[in-house]
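Peer 1: give me a model of this one.
(4 chains)
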Protein chains: 2
Amino acid sequence: MAVAARRERERTARREAILDAAQELIAEQGYHGTRMDTVADAAELSKGTLYLYFENKDALCAAVATRLIDKLLPILERSVENTPTGLSACESLLRRYCEFTEENPHHFRFALEWLGTGERMDDSTEAFQAYRGRVGRMLLLVVAALERGQADGSVRADVDPLHQAVQLWTSFLGVILVALNKESIAQRIPAPVDLEQLVPLHLDAMVRALSSGETS
Amino acid sequence: MAVAARRERERTARREAILDAAQELIAEQGYHGTRMDTVADAAELSKGTLYLYFENKDALCAAVATRLIDKLLPILERSVENTPTGLSACESLLRRYCEFTEENPHHFRFALEWLGTGERMDDSTEAFQAYRGRVGRMLLLVVAALERGQADGSVRADVDPLHQAVQLWTSFLGVILVALNKESIAQRIPAPVDLEQLVPLHLDAMVRALSSGETS
DNA sequence: GTCAGTGACTGACTACGGGTCAGTTGCGGG
DNA sequence: CCCGCAACTGACCCGTAGTCAGTCACTGAC
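Peer 2: Numbering: from 1, shown residues only, chains lettered A, B, ... in the order given. The predicted structure is shown next:
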């Protein structure tokens, strides 16, 4: 049946169209600012139809996030090529990740919300399984960089690569969060702070903490 | 007018009673799980009355958070006394803060939500002004510890205390967030991770990054 | 003693947004 | 030509934050 194949194609095309509409709206108005009615309008569908393609709003957003990470992963993979040491590879990964979050702040906020409030987000859906897998792959890139660093002597030998990778990753979460809201947060601090420096400062601190001290 | 004075006392007492009810419910069910109707029930008032004492739900929660921080601040201040060096004072502050968030996880989640999503939380209320002030005071404790560390030689001389304090503080946000959700997050990582280690690991990394290298 | 004024309080109501489902449409195969 | 099926629709439901016209109890002036 050629019909079934065409139907299948049309179905995935429609799914992509919904994701396009949702992605644009989320980029403009954020996760919470985005209404399912608005997504439906933008995709020229009725709200009910959205729920034929995605279990709920969270699943739709997870699918958007997954698509975005799929663009990021090859960038990260490429960024570790041609790095002189494992430590610099690690630094490069984290720097690229920060750049990505600056370009896609709402995606990052979504990820954070998922982490922070597992209770109230329904992450049992298939869309979230896919998302988790991507996050795991990003983490493993950092683990690999740390292992390489230990092999070439640029990273302290006494750290456990996996646990240190988790520490690295999570420590960036808060830093990025604040950097994304620098305008409003700067006003809330009782002293003049240049939050533009925050990410580089943290990156520097982490490199110091990981470095074996040897100049390769 | 003695009447006015009594009215004033009764008003603040009622306000405290509402805060007591809200605090308990938030501790049990979290910020989002807590309903204004439920708070009203627990305080033996009608919902409308809550809005005579607090502008909105966010303001009520900010007031709860402020009361909690007011308990934390003296603990932090005491914790730096009798520390041998500025660096260890700094470490002590951060450790106490982590302990506090473990005892009051929902308070921390609320703070994070406020930071992360300034847009959708109404933080123009008086309750938030007070909250901001407290957060600022906590930050200044870290700044002071870093300055002390530079004076006694335990902290690198080339860091700017204020900016480094912000970096320290924010780097802990993500780490604590993940540590608070360790059970559910551990399952999402494609490798066996002991998230119990996360906070100590991060603390260790930060101390390494700040240390002047001198053993005092 | 009475009664108008005042502040505290009430709860039915609105607004809004996520999610549902009975019904419609239109294509394809028999 | 018509049946079946999949895609789609939009009116509807429900939970929850926030509102407001009305009630009640106390106070202090006369």
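
Peer 1: hmm, A:Val64 is touching A:Leu25, no?
Peer 2: No: with contact defined as Cβ atoms under 8 Å, A:Val64 does not count as touching A:Leu25 (9.5 Å). Where you see a C-beta, it was placed from the backbone N, CA and C, and this is true even at glycine.

Peer 1: thought A:Ala205 was touching B:Thr170?
Peer 2: No: using Cβ under 8 Å, A:Ala205 is not in contact with B:Thr170, being 11.2 Å away.

Peer 1: buried residues in the least confident helix or strand in chain A by mean pLDDT?
Peer 2: The weakest-scoring helix or strand in chain A, judged by mean pLDDT, DSSP states H and E, is helix A:182-188 (a mean of 80). For helix A:182-188, burial by neighbour count (16 or more other Cβ atoms under 10 Å in any protein chain shown) applies to A:Ile185, A:Ala186, A:Arg188.

Peer 1: what about chain A, any weak spots by pLDDT?
Peer 2: Scanning chain A for pLDDT under 70 picks out A:1, A:117-120, A:215-216.

Peer 1: longest helix in it, by residue count?
Peer 2: helix A:2-33 (DSSP state H).

Peer 1: for that helix, buried residues please.
Peer 2: Buried-residue list, helix A:2-33, by 16+ other Cβ under 10 Å: A:Ile18, A:Leu19, A:Ala21, A:Ala22, A:Gln23, A:Leu25, A:Ile26, A:Ala27, A:Gly30, A:Tyr31.

Peer 1: near DNA strand D, which residues of chain A are found?
Peer 2: A:Arg7, A:Arg11, A:Arg14, A:Glu44, A:Leu45, A:Ser46, A:Lys47, A:Gly48, A:Thr49, A:Leu52 (Cβ under 7 Å from any atom of the strand).

Peer 1: pretty sure the fifth one sits against A:Ile18.
Peer 2: Yes: at 7.2 Å, A:Leu45 counts as touching A:Ile18 under the criterion of Cβ under 8 Å.

Peer 1: before we move on, the earlier item: ok, A:Ala205 and B:Thr170, which is more surrounded?
Peer 2: Ranked by neighbour count (other Cβ atoms under 10 Å in any protein chain shown), A:Ala205 and B:Thr170 place B:Thr170 first, with 25 against 22.

Peer 1: show the contacting residues for that one.
Peer 2: Neighbour list for B:Thr170: A:Gly174, A:Val175, A:Leu177, A:Val178, A:Leu198, A:His202 [criterion: Cβ atoms under 8 Å, 6 or more residues apart in numbering or on different chains].

Peer 1: repeat for A:Glu24
Peer 2: Applying Cβ under 8 Å, 6+ apart to A:Glu24 gives the contacts A:Ala42.

Peer 1: how close does it get to A:Glu99?
Peer 2: For A:Glu24, the distance to A:Glu99 (Cβ to Cβ, to the nearest Å) stands at 21 Å.

Peer 1: hang on, the earlier thing: can you redo the contacts of B:Thr170 as CSV with distance to DNA strand C and neighbour count?
Peer 2: Shown next, in CSV, are the contacts of B:Thr170 (distance: Cβ to the nearest atom of the strand, whole Å; neighbours: other Cβ atoms under 10 Å in any protein chain shown):
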residue, distance to DNA strand C, neighbour count
A:Gly174, 26, 26
A:Val175, 29, 26
A:Leu177, 22, 24
A:Val178, 26, 25
A:Leu198, 31, 22
A:His202, 33, 27
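
Peer 1: residue in chain A nearest to DNA strand D?
Peer 2: A:Gly48 (1.8 Å; Cβ to the nearest atom of the strand).

Peer 1: neighbours of that residue, just the number please.
Peer 2: Neighbours around A:Gly48, by other Cβ under 10 Å: 9.

Peer 1: in what helix or strand does it lie?
Peer 2: helix A:47-53 (DSSP states H and E).

Peer 1: so for that helix, what gets flagged as buried?
Peer 2: Quick answer for helix A:47-53 (16+ other Cβ under 10 Å): A:Leu50, A:Tyr53.

Peer 1: which residues are contacting whichever helix or strand comes after that helix?
Peer 2: Downstream of helix A:47-53, the next assigned helix or strand under DSSP H and E is helix A:57-80. Outside helix A:57-80, the residues that touch it by Cβ under 8 Å, 6+ apart are A:18-19, A:22-23, A:26, A:31, A:36, A:39, A:50, A:53-54, A:89, A:92-93, A:95-97, A:100, A:104, A:107, A:110-111, A:114, A:121-123, A:125-128, A:130-131, A:134-135, A:137-138, A:141, A:144-145.

Peer 1: ok, the residue nearest to A:Thr38 when sequence neighbours are not counted to chain B distance?
Peer 2: Spatially, and ignoring its direct neighbours in sequence, A:Thr38 is nearest to A:Leu25 (6.0 Å; Cβ to Cβ, 6 or more residues apart in numbering or on different chains). In this view, A:Leu25 and chain B are 15 Å apart by Cβ to the nearest Cβ, to the nearest Å.

Peer 1: before we move on, what about A:Arg6?
Peer 2: Relative to chain B, and taking Cβ to the nearest Cβ, A:Arg6 is found at 37 Å.

Peer 1: show me what contacts that residue?
Peer 2: No contacts exist for A:Arg6 under Cβ under 8 Å, 6+ apart.

Peer 1: in TSV, list the residues of chain A next to DNA strand D along with distance to A:Ala209.
Peer 2: Shown next, in TSV, are those (distance: Cβ to Cβ, whole Å):
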residue	distance to A:Ala209
A:Arg7	55
A:Arg11	49
A:Arg14	48
A:Glu44	52
A:Leu45	50
A:Ser46	53
A:Lys47	49
A:Gly48	52
A:Thr49	50
A:Leu52	49
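
Peer 1: hmm, back to that, taking the contacts of B:Thr170 one by one, which sit in strands?
Peer 2: Among those, no residue falls in strands (DSSP state E).

Peer 1: give me the residue from chain A nearest DNA strand C.
Peer 2: For chain A, Cβ to the nearest atom of the strand, closest residue to DNA strand C: A:Gly48, 3.0 Å.

Peer 1: wait, doesn't A:Gln197 sit right on B:His163?
Peer 2: Yes: A:Gln197 is in contact with B:His163 according to Cβ under 8 Å; the separation is 5.8 Å.

Peer 1: who in chain A is up against DNA strand C?
Peer 2: Residues of chain A lying near DNA strand C (Cβ under 7 Å from any atom of the strand): A:1, A:3, A:34-37, A:47-48, A:51, A:56-58, A:122.

Peer 1: if we go to 10 Å?
Peer 2: Counting by Cβ under 10 Å from any atom of the strand, chain A comes close to DNA strand C at A:1-4, A:6-7, A:31-40, A:46-52, A:54-61, A:121-122.
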